[in-house]
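Chemist: For reference, the sequence and a predicted model appear below.
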Amino acid sequence: MADVTSVPSDYFPARALIDLDALAHNVRTVQAAAPSAALMAVVKADAYGHGLVPCAQAAVGAGATWLGVAQVGEALALRDAGLTVPVLTWLYGPDAPFEALLAADVDLSVASPQALEDVADAALRTGRRARVHLKVDTGLGRNGVSPLELAAVVDRLAALGAQGAVELVGVWSHLAYADVPGHPTTALQCAALDDAVARLTAVGLPPAVRHLAGSAAALTDPRTHYDLVRPGIALYGLTPIPALDAADLGLRPVMTLEAELVTVKPVEAASGVSYGHHYVTPGATVLGVVPLGYADGVPRHVSGVDGRPGAPVRVTGDRARDTVVRGRVCMDQVVLDLGPGATERAGDRVVLFGDPARGEPSADDWAALAGTIGYEIVTRIGSRVPRVHRDGPPPVMPTDAAMPTDAAVPTDAAVPDDPATETARLDLTLATADQTRALGTALAGLLRPGDLVVLTGALGAGKTTLTQGIGAGLRVRGQVASPTFTLARVHPALAQGPDLVHVDAYRLESLDDLEALDLDTSLEDSVTVVEWGEGLAEVLSEDRLEIVLDRPHGAGTGSGADDLDMADAEVGERRAVLRGVGARWRGAGLESLRIG
Ligand SMILES: Cc1ncc(COP(=O)(O)O)c(C=O)c1O
């Protein structure tokens, strides 16, 4: 008999790819929207299904100074993994392993009079003072000290504090209607939190860290930011507000659920597909079987039944296209109708959900079809689906960064010059042409199809150098050069992603007819960079990124070509002002481009 122990057991023809760079981007995006608050990355439920420890490390690497989890086991796992930032845990009963939590220096939420006594007992038993955050039920009606219990708990906190059993670090609560921006309940909850703060302050316990906002409020409601925001879903690139698209909030999806087709076969017309034959092939066609089912978290609600198509799935490869789940979702499999004459073979890759910027459906699309929220889609991806983590910032583990500081305040959301239109701003100094190019490459990471970048600056200021960086970051074909002798040049994307349209508006009266230049690409599917575009390019899009490059002591010779950028590339410092105009750029993460 074969030695079964030598057979690899981790083979699984599907996986959830976890893009830790996107997670880092999302951390910075939320931080830019809440610049005066510290950021607690909420990594409960295995980082919403994305993998607890790698996600926590990436979030801290990107600037999160706190971690938050529901279950105490998750808090201990973070400590076991060597994470040293403050960790708050908030869901436990009287039998929780308090000694271990105190020994691991985990902050404990106190959400009831009983919890306070349990924590204090453990502290007195072990001689370790407990760091606690008083959870107040300000209106969610879930856990937290009720208004009827508050006065007694505040007095008890004061007494236990005097005894040295507990240290009140924070006071906190959770919103009921954050996903409905402007809902009147939010103001009432803020007032209730303020009231709790006032009561604590009156007994000599002013809480250092007040916190209320999850993703939705962190991104949209500065009233709720207090000292700390606690985003979860936004860090994973999905929308916290069903009425808004994640991309419009500047978020990038972190999880891509992909699989290899395990069977591809031709079938006759009128073939019934999957349990109950809810789909019958309209003609002879080719079926593909995907090795993921409801045991893996594919909701049975995204079945294609009763004449409705099921969830969207992207077929990749030479003939990349969209298809849908057909028939019932089974425990381990779903079936796709790849269409007559399909040339896919077993082993070819399909993407169930990922990044719409790559043409893939999003987890939010799946959620809409399943009648749920993106949170549930990613969190329920089953444990047998391998998580494959990619990239991400180097993990850094600050020990003393729990409180917001002035230095932590990004300028991405700085007060705009022109509040009517400006939605983001970043001022930078670029010491070398390499830095100018690197800025372009990093900027490419934020750019999406349809984006317009308007470049302004004197000859030799670095416009073409910056565009070269954008081209490198977008991974487009052809050398990006000064567009002086052409009005516009299209650089097609080498991989998935938008083409780059590089335009010189220097000799143009109007850009109205840019589409008429026969560019062989659609501006909606491309990133368009217009040099000398100020005053002209605005007709192309209400939303745009304006970049002014200024070279105060530059050595332009005035010969009339911007390829001076190349000629004396290393000479002189540049100032770059990036100004986002329109909703597209609100919270888009410009701050993440800050150099050094
Ligand atoms: C107490 C608490 N704070 C913050 C969060 C993060 O919320 P979101 O994922 O909406 O950002 C959650 C998640 O449900 C939570 O329970």
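Modeler: Nice, thanks for sending it over. Residues are numbered from 1 along each chain as shown.
Chemist: need the helices for the stretch 451-596 of the chain, in chain order.
Modeler: 463-474, 564-567 (DSSP state H, counting those that start in this stretch).
Chemist: closest one to the ligand among these?
Modeler: Across the helices of the stretch 451-596 of the chain, the ligand has its closest neighbour in helix 463-474 (28.8 Å, Cβ to the nearest ligand atom). (Each C-beta comes from the backbone N, C-alpha and C, glycine too.)
Chemist: Count the neighbours of the closest residue to residue 295 other than its chain neighbours for me.
Modeler: Counting by Cβ to Cβ, 6 or more residues apart in numbering, residue 295 lies nearest to residue 331, which is 4.8 Å off, once chain neighbours are set aside. Residue 331 has 10 neighbours, counted by other Cβ atoms under 10 Å.
Chemist: got JSON lines for the helices of the stretch 451-596 of the chain, with mean neighbour count too?
Modeler: Listed next are these as JSON lines, based on neighbours: other Cβ atoms under 10 Å:
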{"stretch": "helix 463-474", "mean neighbour count": "25"}
{"stretch": "helix 564-567", "mean neighbour count": "20"}
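Chemist: Serialize those helices to a markdown table and add fields for distance to residue 86 and mean pLDDT.
Modeler: Formatted as a markdown table, those follow (distance: least, Cβ to Cβ, whole Å; pLDDT from 0 to 100):
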| stretch | distance to residue 86 | mean pLDDT |
| --- | --- | --- |
| helix 463-474 | 35 | 87 |
| helix 564-567 | 46 | 42 |
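Chemist: Among those helices, which comes closest to residue 67?
Modeler: Smallest distance to residue 67 across the helices of the stretch 451-596 of the chain (Cβ to Cβ): 30.4 Å, for helix 463-474.
Chemist: Just checking the distance from that closest one to the centre of its chain.
Modeler: 24 Å (Cα atoms, centre = their mean, to the nearest Å).
Chemist: and it, what does it pack onto?
Modeler: Other helices and strands packing on helix 463-474, by 3 or more Cβ pairs under 8 Å, 6 or more residues apart in numbering; DSSP states H and E, are helix 433-444, strand 452-457, strand 499-504, strand 526-531, strand 544-550, helix 564-567.
Chemist: List of residues touching it?
Modeler: Contacts to helix 463-474, defined as Cβ atoms under 8 Å, 6 or more residues apart in numbering, come from residues 433, 436-445, 447, 453, 455-457, 480-483, 491, 493, 497-498, 500, 502, 527, 529, 531, 547, 549, 562-563, 565-566, 569, 576.
Chemist: do that again at 7 Å, thanks
Modeler: 433, 436-445, 447, 455, 457, 480-482, 491, 493, 497-498, 500, 502, 527, 529, 531, 547, 549, 562-563, 565, 569 (Cβ atoms under 7 Å, 6 or more residues apart in numbering).
Chemist: Tell me the buried residues within the residues you listed.
Modeler: Buried subset of the contacts of helix 463-474 (neighbour count, 16 or more other Cβ atoms under 10 Å): 433, 436-444, 447, 455, 457, 480-482, 491, 493, 497-498, 500, 502, 527, 529, 531, 547, 549, 562-563, 565, 569.
Chemist: Can I get the helix or strand that contains residue 132 in CSV, CA atoms only?
Modeler: Element membership of residue 132, judged by DSSP states H and E, is strand 130-135. Extracted as CSV, the C-alpha positions of strand 130-135 are listed here (Å, rounded to 0.1, in the frame of the first residue of the first chain):
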residue,chain,number,x,y,z
ALA,A,130,-6.2,45.7,34.2
ARG,A,131,-6.3,48.2,31.4
VAL,A,132,-10.1,48.6,30.7
HIS,A,133,-12.3,50.4,28.2
LEU,A,134,-15.8,51.1,29.5
LYS,A,135,-18.3,50.1,26.9
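Chemist: Would you mind listing the outside residues contacting the next helix-or-strand element following that strand?
Modeler: Using DSSP H and E, the next helix or strand after strand 130-135 towards the C-terminus is helix 147-163. Defining contact as Cβ under 7 Å, 6+ apart, one finds that helix 147-163 is touched by 113, 116, 120, 134, 136, 145, 166-168, 196, 199-200, 203-205.
Chemist: Out of those residues, who's the most crowded?
Modeler: When these are compared by neighbour count (other Cβ under 10 Å), residue 136 ends up highest, at 30 neighbours.
Chemist: That one touches residue 171, doesn't it?
Modeler: Yes: the criterion here is Cβ atoms under 7 Å, and residue 136 meets it with residue 171 at 6.4 Å.
Chemist: Per-residue pLDDT of the one residue in the stretch 1-150 of the chain that gets nearest to the ligand, please?
Modeler: The ligand sits closest to residue 42 of the stretch 1-150 of the chain, with a gap of 4.2 Å, by Cβ to the nearest ligand atom. We have a pLDDT of 98 for residue 42.
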